[in-house]
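Enquirer: structure, please.
(one chain, ligands or ions: 1)
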Amino acid sequence: MGTNEKISVQVMDTNHTWKEIKAESGSILMRAITGAKMDMEASCDGECACSTCHVYIDPQWLQYLPAPEDEELMMIDYTDKPAKNSRLACQIKLSPELNGMKVTIIGK
Ligand code: FES
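Expert: All right, here's what the predicted structure looks like:
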């Protein structure tokens, strides 16, 4: 993949509608989702302090994500529906391995 190519992510919103979003490698998933005007609150603006950017990652992509920091795990525990594939979108940096990843917006 060339350096100018964007990473495509399929995102399901809270109305169960899928949307393909594209972002530069190195950008933050939460920024890509809010930038695409999808329904994600992200009320702490990426400080890992609100968990409103909670998403489920399609399990087949989990292996390409760096493990969450303790801070992120703690915030996920505070959400209503924590799952094994829960992550906070503000803590995920998009990399070429994540091209095609499927993500579901859950929210707090
Ligand atoms: S935006 Fe608040 S925890 Fe991600």
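Enquirer: ok, the closest residue to P82 other than its chain neighbours - contacts?
Expert: Leaving aside its sequence neighbours, P82 sits nearest to I76 (C-beta to C-beta, 6 or more residues apart in numbering; 5.0 Å). Every C-beta, even on glycine, is put in place using the N, C-alpha and C of the backbone. Counting by C-beta atoms under 8 Å, 6 or more residues apart in numbering, I76 touches 51, 54, 68, 82, 86-88.
Enquirer: please apply the same query to T34.
Expert: 40, 42.
Enquirer: before we move on, back to that, what comes up buried for the strand or helix carrying the residue nearest to P82?
Expert: Element membership for I76, per DSSP states H and E: helix 70-77. Neighbour counts over helix 70-77 (16 or more other C-beta atoms under 10 Å) mark 72, 75-76 as buried.
Enquirer: quick one, strands of this protein?
Expert: In the chain, the segments counted as strands under DSSP state E are 7-12, 18-23, 54-57, 86-88, 101-105.
Enquirer: and of those strands, who's closest to M30?
Expert: In terms of C-beta to C-beta, the element of the strands of the chain nearest to M30 is strand 86-88, at 7.6 Å.
Enquirer: show me what from the chain comes close to the ligand.
Expert: 30, 42, 44, 46-53, 75, 88, 90 (C-beta under 6 Å from any ligand atom).
Enquirer: where does this protein dip in pLDDT?
Expert: Applying pLDDT under 70 to the chain flags residues 1-4.
Enquirer: and stretch 87-105, which residues are buried?
Expert: Those would be 87-92, 94, 98-99, 101, 103-105, for stretch 87-105 by 16+ other C-beta under 10 Å.
Enquirer: what does stretch 49-65 give?
Expert: In stretch 49-65, residues buried by neighbour count (16+ other C-beta under 10 Å) are 50-57, 61, 65.
Enquirer: M30 contacts K93, doesn't it?
Expert: No: the criterion here is C-beta atoms under 8 Å, and M30 misses it with K93 at 10.4 Å.
Enquirer: what sits against Y56?
Expert: 83, 85-87, 103-104, 106.
Enquirer: tell me how far the nearest residue in space to E69 that is not next to it in sequence lies from K37.
Expert: Of all residues not flanking E69 in the chain, Q91 sits nearest, at 7.1 Å (C-beta to C-beta, 6+ apart). Using C-beta to C-beta, to the nearest Å, we find Q91 at a distance of 21 Å from K37.
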